[in-house]
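**Q** Structure for this input, please:
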Amino acid sequence: MVAPEELRELLSDPYRVACPVGHTALNPAESAPSAYCRTCRESYAAEELVDRRRGPDPCKPRRRGND
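**A** Here you go, the predicted structure:
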């Protein structure tokens, strides 16, 4: 989850923020705390986006067992 007030700053760091599906091709919205995913062709609110340094990375599969 990304805090709305941090969204623009975090999006300036390439590949840091991902949409819920895991894409990082995001453009910030001008008037709202949201971003448009060019891959999904959907807009997502800041709360739906994932900070890949803080939360689980949606791009990496979860491991099972003792890996």
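**Q** Double-check Ala45 against Cys37; I have them as touching.
**A** No - applying C-beta atoms under 8 Å as the test, Ala45 and Cys37 come out as separate, 11.9 Å apart. For glycine as for every other residue, the C-beta is placed from the backbone atoms N, C-alpha and C.
**Q** Comparing the two, which residue is more hemmed in?
**A** Between Ala45 and Cys37, counting by other C-beta atoms under 10 Å, Cys37 is the more crowded of the two (20 against 15).
**Q** Tell me who's in contact with the more buried one.
**A** Cys19, Val21, His23, Ala25, Leu26, Ser43, Tyr44 (C-beta atoms under 8 Å, 6 or more residues apart in numbering).
**Q** and the fifth one, how many neighbours?
**A** The one in question is Leu26. Using other C-beta under 10 Å, Leu26 is surrounded by 25 other residues.
**Q** which non-adjacent residue is nearest it?
**A** Counting by C-beta to C-beta, 6 or more residues apart in numbering, Ala35 is the residue found nearest to Leu26 once chain neighbours are left out, at 4.3 Å.
**Q** what does the last one give?
**A** Of all residues not flanking Tyr44 in the chain, Cys19 sits nearest, at 5.4 Å (C-beta to C-beta, 6+ apart).
**Q** Could you report the distance from the one you found to Asp13?
**A** 15 Å (C-beta to C-beta, to the nearest Å).
**Q** who's in contact with His23?
**A** Neighbouring residues of His23 by C-beta under 8 Å, 6+ apart: Cys37, Arg38, Thr39, Cys40.
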